[in-house]
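Asks: I would like the atomic coordinates for the input below:
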Amino acid sequence: MQLKKKKQNPPKDEIIYSISAKEYADMSEDERAKWSPVQAKYEKIPLFCKISLIIGAFCAILYVIICISEPFADFFNRYVSTAFRFIFAKITNLLPFSLAELIIILLPIIAFISIWYLLKFRCDTRRSSTVSIVCIFSILSLFLSSFVLCFAAGYKDASLDKKLDIKTEAVNADDLYKTSEYLVNKINELSSEISYGSDDFSVMPYDFKEMNEKLLEAYANFCEDHDFISTFNSRLKPVLLSEAMSYAHITGIYSFFTGETNINVGFPDYTIPFTSAHEMAHQRGIAREDEANMVAFLVCIESNDPYIQYSAYLNVFEYVASALYRADSKKFQQIYNRLNVHTHHEQKAYNAFFEKYDNSVASQVSGVVNDTYLKVQGTAGKKSYGMVVDLTVAYLKSQNYIE
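Replies: Next comes the predicted model:
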C-alpha cells in the first residue's frame, strides 16, 4: 500500500514523495495524521542526475569529434584535458593516501549497501525503481565523462613519433642488437654508482618522496624542450595493496577520475622510478602505453640522478632484449653476457622474485581486462607496451647513437 501527504490541489511543480507501508507503520500517530492511504504521486528525478546526464550527452558528442578529428584531439588533449587533469591532481594532492585505492577498497561495501537500500526502500513502485535506475546511470555518466574530459583524447591525438620528429620503421635483429648494445653500455657505466643489497637487488638511495621530487625536476627539464606535454607538481601515491597489485602484474596505474598516479611499491627498487615516470606521463596526457614508456625513458635519462637513469636504461633494455631474443636468440645471449655482474645478478633475482606471482588467476583476469580496454581505445592491446622498442630504435638513430 502506498501513501501520500494530504494536499488539496497541490501545485504542479511541487514534489510529493512516496513512502512505503512499512514507513507508515513505523510513524507516530501525529505523523500518520499527515498522511492518507491513497495512490502515491510520481517522484521527480533529482536535479543532480539531470545535470550529470546532460554532461554525459555533451561528452559523448565530444568523444565522437575526438575520434574523427586528430587536430581536434590534439587541441583538446593539450589545452582542455590538461586543465582537468591539473585540477583533479591538485585536489587529490591534498590527500596523503590514494583516493582511488580507497574507493576500490570500499567499493564492495558501497555496492552491498546500495543494493540493500534499493531493494528495501526503492522498489515499492515502478516510478521509484525508474528514478533509482536513472540515478545509477547518472553516476556512470559522470565516470565516463571524466574519462572523455581528462584522458580520451590522448588515444586519438598525433602519435609520439610525430611529436618528437622521429621516423619509426620496421626493425630487424641487427637494429635490436645495436640498441641493446648501447643500453648495456649505459647500464654498465652507471652500475659503478649504484649500491646493491645482499639480495642482489640494487638499492634506491633515497625515499619515495625524494624520488617524486627528482622526477618532477626531470619532467620540468624535459618540458622546456617539448611543448606537447605540460608539467606541474603532483604527488605519487604508494599503494597499500601493492601485494595484490603484484599478483595482478600491475606495477602502477593512473586513475583519471581522481587524477592520481598510483605506484606498486612491492616490486624491486629498480622498477619504481621508471614505473613512476610512466604513470606521470599518463597524468600529463600521454595515453598510449608505448608512448608513456618512451616519455618515461626520455625523462629519466635526462635526470641528473644516476639511479633514475639506471632504472630507465635497464627497464627499456628488458623490452629490447626480449624482442632480440625472439628475433635472434644467439645475438641475445651475446649481448646479455656483456651485462656487468651486479646487473646480471639483479636480473636473476628479479626472475626469482616474479615466480611467486607468475600465472596467477588475478594476473590472467587483469590481463584480459587491460588488453580489452587498450584495444577498445584503438591500440594493439597489451602488445603496445613492447612497442616502445620501435620508438627507442628510432630515437637512438635520430640522435646518431646507433647507425
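Asks: got a list of contacts for stretch 307-316?
Replies: 183, 186-187, 190-191, 193-194, 202, 204-205, 211, 214-215, 218, 270-275, 277, 293, 296-297, 299-301, 303, 343, 346, 388, 392 (CB atoms under 8 Å, 6 or more residues apart in numbering). For every residue, glycine as well, the C-beta is placed using N, CA and C.
Asks: where in the protein is pLDDT low?
Replies: Low-confidence segments of the chain, defined by pLDDT under 70: 1-43, 124.
Asks: for it, what's the longest helix?
Replies: helix 126-150 (DSSP state H).
Asks: Give the buried residues for that one.
Replies: 128, 131-132, 134-135, 138, 141-142, 144-146, 148-150 (16 or more other CB atoms under 10 Å).
Asks: Tabulate those in a markdown table, adding columns for distance to residue 108.
Replies: Converted to a markdown table, the buried residues of helix 126-150 look like this (distance: CB to CB, whole Å):
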| residue | distance to residue 108 |
| --- | --- |
| 128 | 25 |
| 131 | 25 |
| 132 | 20 |
| 134 | 24 |
| 135 | 20 |
| 138 | 22 |
| 141 | 22 |
| 142 | 20 |
| 144 | 22 |
| 145 | 24 |
| 146 | 22 |
| 148 | 27 |
| 149 | 28 |
| 150 | 25 |
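Asks: can you give me the end-to-end distance of stretch 333-351?
Replies: End-to-end distance for stretch 333-351: 16 Å, by CA to CA, to the nearest Å.
Asks: again, but for stretch 320-339
Replies: With CA to CA, one end of stretch 320-339 sits 14 Å from the other.
Asks: Repeat that for stretch 353-369.
Replies: 24 Å.
Asks: what does that stretch contact?
Replies: Contacts for stretch 353-369 (CB under 8 Å, 6+ apart): 244, 246, 247, 248, 249, 250, 268, 382.
Asks: List the buried residues of it.
Replies: For stretch 353-369, by 16+ other CB under 10 Å, it's 353, 357, 363, 366.
Asks: Now intersect those with the helices, please.
Replies: Short answer: the buried residues of stretch 353-369 in helices (DSSP H) are 353, 363, 366.
Asks: Mind putting those into JSON lines with distance to residue 108?
Replies: JSON lines is the format used below for these (distance: CB to CB, whole Å):
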{"residue": "353", "distance to residue 108": "30"}
{"residue": "363", "distance to residue 108": "21"}
{"residue": "366", "distance to residue 108": "17"}
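Asks: Closest one to residue 122 out of the residues you listed, please.
Replies: residue 366 (33.1 Å; CB to CB).
Asks: Residue 248 versus the closest one, what's the distance?
Replies: Per CB to CB, to the nearest Å, residue 366 is found 4 Å from residue 248.
Asks: swap in residue 355?
Replies: 16 Å.
Asks: now do residue 298
Replies: Distance from residue 298 to residue 248, by CB to CB: 28 Å.
Asks: List the residues that contact residue 45.
Replies: Counting by CB under 8 Å, 6+ apart, residue 45 has contacts 131, 134, 135.
Asks: In three-state terms, label it for me.
Replies: Using DSSP: H, G, I helix; E, B strand; the rest coil, the three-state assignment for residue 45 comes out as coil.
Asks: Likewise for residue 261?
Replies: Per three-state DSSP, residue 261 ends up strand.
Asks: I'd guessed it sits against residue 219; true?
Replies: No. Assessed by CB atoms under 8 Å, residue 261 is found out of contact with residue 219, at 11.7 Å.
Asks: any shared contact partners between those two?
Replies: residue 280.
Asks: where exactly do the strands run in the stretch 1-150 of the chain?
Replies: For the stretch 1-150 of the chain, the strands defined by DSSP state E, counting those that start in this stretch cover 4-5, 35-36.
Asks: now swap in the stretch 201-350 of the chain and tell me
Replies: Using DSSP E, counting those that start in this stretch, strands in the stretch 201-350 of the chain cover 202-203, 236-238, 252-255, 260-263.
Asks: Thought residue 59 was touching residue 145, still the case?
Replies: Yes. Counting by CB under 8 Å, residue 59 is a contact partner of residue 145 at 4.3 Å.
Asks: Just give me how far stretch 308-323 sits from the chain centre.
Replies: 21 Å (CA atoms, centre = their mean, to the nearest Å).
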